[in-house]
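In: return atomic coordinates for the entry below.
(2 chains)
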Amino acid sequence: MWDTLILNPMVNSLLLIYDVLGDNFGLAIIVFTIIVRLITLPLTWQSQKSTQKMQELQQSKKWQDIQKKYKDDKQKMQEEQLKLYKEVGFNPLSGCLPTLIQFPIIIGLYQAIMRALPAAPVQLLDLAKHFYPFLPGLARLVPLNSQFLWMDLGRPERLPVAGIEIPVLAIVVVITSWLSTKLMTPPSGDGGQGAQMSQMMGIYMPLLLGYFAYQYSAGLALYFVVSNVLQIIQSAAMGKVNWRQVLSFGGPRPAKKA
Amino acid sequence: MHIANLRSARIGAPLVLMIAAGLLAGCSTGGATLASSWPGVAVTDTTAYVAYAEAIYAVDLATGQQRWRYPAEADRQVTFYAAPAITEDGQLIVGGYDNRVRRLTAEGTQVWQSEAAGDRIIGAPAIAGDLVLVPSADHTLYALNTASGALVWRFEAKHSLWAAPLVDEGHAYLASLDHFVYALDLADGRLLWERDLGSAMADTPALVDGLLLVGTFGAGLQALDAATGEPTWSLPSEGWIWGSPTVAGTAALFGDVAGTLYAVDLARQAEVWRVQPDGAVAGSPAVLGDLVYFTTESGTVYARQAASGAPAWEQALTGKLYADPLLAGDMLLVASMQGESLLTALDAATGAIRWSFTPAR
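Out: As a prediction, this is how the structure comes out:
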């Protein structure tokens, strides 16, 4: 089921792109990531819209009043918040569903990237099962050329500078992940659980991705970088980027009144 | 990545876990650093040697009991999957995923080790007189002196070498993932000819009457003139051919990963019969008398009449049977990946299980 719907189409398209781009797997990862992000754009667009609506709602007077009025009765507060959602016609799940739908696509994307660069027999044998029989030419692309710039995309990336091996890509992953998180942190006066969670994610997520980029193959790290950059561009295009946040090292700052 | 979305939904924590789980799933199944393969097996008159993951196990053929393992204590940095090569005096030469080649005595004591290779040894070494030829994932074939481990010559291919070379009368024939078959002079590693077949190869060629037979990923079975490398004929297959073809009389037998076993008449260069077992056939078939033996990814051992493909017996084991089944006297040895037993000895005539070997934890 997973293979049929997600992985096989992705592996085969990735290899087709690789073929078209003259056997350059680095470029293939970049182009493939862009295409997948474009296809899922309506989903991300909808969830970002929903985020925006949620933020507007949270900054509204009615919301603030509910927060104050029922601060000692959490259950009542939630009931009132739900009422408010209904009143303004906002479905709190409308942001969640598109996000959930994206996950299989994201997971499939990097599984496809990893599978296309098998480093050992079991992995190559596994790759053989993902080829479409009606595209027999793809088998002849194996093994893929994994060299891209200074990297071997099938191995963890290190750039030797003056005898020291520097994990450049892992550093770039941390920076771009941190930037994309930071840039999109909304100005929020709510110092509660949500804001704390955002702050934690803003620290742990870039470190987690950086660790993966350091530990696993450069192809995966390249995907992270491209994905982060696209996320930043997409948010910028939607006018959602909050450049002021980049300079703020604490939690999200309270919004300044215009 | 997608942080803003998560935050909005206020269901951040579970989703972060999902991302992490997804990432791990992706990395653990396809991550380049997680190198793995199936067991490599070699056999002498008395002992089967199984290279699998953390150790090489010496298993007594008569009893199925472990005689020794190397290294005695597991070391996560050292793993073995390539079948050991057996020297004339019954010692072992083994290649590891730690890039090293070691010579071990028949009692499992290290004699020498070579650090010539720059990447993992995935394919089995091959003995050629006083040389041992070791294919490495660093694209290079290393010829080492069997007595000392000293490097004698090396030959660089265009991509990883995962297959043992075939040694015959002063020549070494090498099939590579880089789509090329190479013929080398054994004395000095000089290239005699090379031939681009347009498809990767992961196992050793077979040689019969001056004809090299090699299975490919996507270009079926290819037959080349061993003297010149000139393609003579080819036969398409449904899927990738991983294991070496096995020659029995006038026929060649080979399986593919789409799950078909083929018998080809070499004189007529035509298919004689094919059968479709219950899964991918990655290993080379074994032939004894009238019977051909082959194993599948689904864990079944098949014995068929080599002439007609008619069923003789079947035996279901556990795990994935990618490794070549090997004959030891009247027994068929089958090594399993992720099975309950690592090595099972079957009666070659009936398929009855004689013994099973599972390494002690």
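
In: so for the helix or strand hosting A:Y204, what's the average pLDDT?
Out: Taking DSSP states H and E as the criterion, A:Y204 maps to helix A:193-215. If you average the pLDDT over helix A:193-215, you get 81.

In: mind listing what's buried in that helix?
Out: Across helix A:193-215, burial judged by 16 or more other C-beta atoms under 10 Å in any protein chain shown covers A:194-195, A:197-199, A:201-202, A:205-206, A:208-210, A:212-214. C-beta coordinates here come from the backbone N, C-alpha and C atoms, glycine included.

In: looking at these, point me to the pair that's furthest apart.
Out: A:G194 and A:Y214 (30.1 Å; C-beta to C-beta).

In: give the contact list for A:W178.
Out: Neighbour list for A:W178: A:G202, A:P206 [criterion: C-beta atoms under 8 Å, 6 or more residues apart in numbering or on different chains].

In: next, it: phi, psi?
Out: As for A:W178, its main-chain torsions (degrees, to the nearest 10) stand at phi -60, psi -40.

In: from what I see, B:G279 and B:V301 are in contact.
Out: No - using C-beta atoms under 8 Å, B:G279 makes no contact with B:V301, being 11.7 Å away.

In: ok, those two, which is more surrounded?
Out: Taking other C-beta atoms under 10 Å in any protein chain shown, B:G279 and B:V301 do not tie; B:V301 has more neighbours (23 against 18).

In: what's the closest non-adjacent residue to residue 222?
Out: Looking at chain A here, since you left the chain open. Take A:L222 and drop its neighbours on the chain: the residue closest to it by C-beta to C-beta, 6 or more residues apart in numbering or on different chains is A:I29, 5.2 Å away.

In: oops, chain B please
Out: Closest to B:Q222 by C-beta to C-beta, 6+ apart is B:S234, at 4.8 Å.

In: which residues touch that neighbour?
Out: Applying C-beta under 8 Å, 6+ apart to B:S234 gives the contacts B:A219, B:G220, B:L221, B:Q222, B:A223.

In: am I right that the second one is in contact with B:E238?
Out: Read that as B:G220. No - counting by C-beta under 8 Å, B:G220 does not reach B:E238; the two are 9.3 Å apart.

In: do stretch B:275-288 and chain A meet?
Out: Yes - contact of stretch B:275-288 with chain A (C-beta under 8 Å from any C-beta of the partner chain) involves B:A280, B:A282.

In: and the end-to-end length of that stretch?
Out: 19 Å (C-alpha to C-alpha, to the nearest Å).

In: how about it: buried residues?
Out: B:V275, B:P277, B:G279, B:A280, B:V281, B:A282, B:G283, B:S284, B:P285, B:A286, B:V287, B:L288.

In: give me the pLDDT value at the residue of chain A positioned farthest from its centre.
Out: Outermost residue of chain A with respect to the C-alpha centroid, by C-alpha atoms, centre = their mean, is A:K69; its distance is 37.4 Å. Note on A:K69: pLDDT of 82.

In: how much space between it and A:W63?
Out: With distances taken as C-beta to C-beta, to the nearest Å, A:K69 is found 11 Å from A:W63.

In: over to B:T47?
Out: In terms of C-beta to C-beta, B:T47 sits 77 Å off from A:W63.

In: do the same with A:Q147
Out: With C-beta to C-beta as the criterion, A:Q147 and A:W63 are 54 Å apart.

In: more neighbours: which of the two?
Out: In this view A:Q147 and A:W63 are compared by other C-beta under 10 Å, and A:W63 has more residues nearby, 18 against 14.

In: which SS class is that one?
Out: The local conformation at A:W63, judged by DSSP: H, G, I helix; E, B strand; the rest coil, is helix.

In: was I right to think it contacts A:Q55?
Out: No - counting by C-beta under 8 Å, A:W63 sits too far from A:Q55 to count as a contact (10.3 Å).

In: next, count neighbours for residue 56.
Out: Went with chain A since none was named. Count around A:E56 with other C-beta under 10 Å applied: 13.

In: wait, chain B
Out: Using other C-beta under 10 Å, B:I56 has 25 other residues around it.

In: check it and give its pLDDT.
Out: For B:I56, pLDDT reads 97.

In: and for the one 4 residues further on?
Out: Predicted confidence (pLDDT) at B:D60: the value is 98.

In: can you tell me the element B:V78 falls in?
Out: With DSSP H and E as the criterion, B:V78 is inside neither a helix nor a strand.

In: that's all I had, so thanks and see you.
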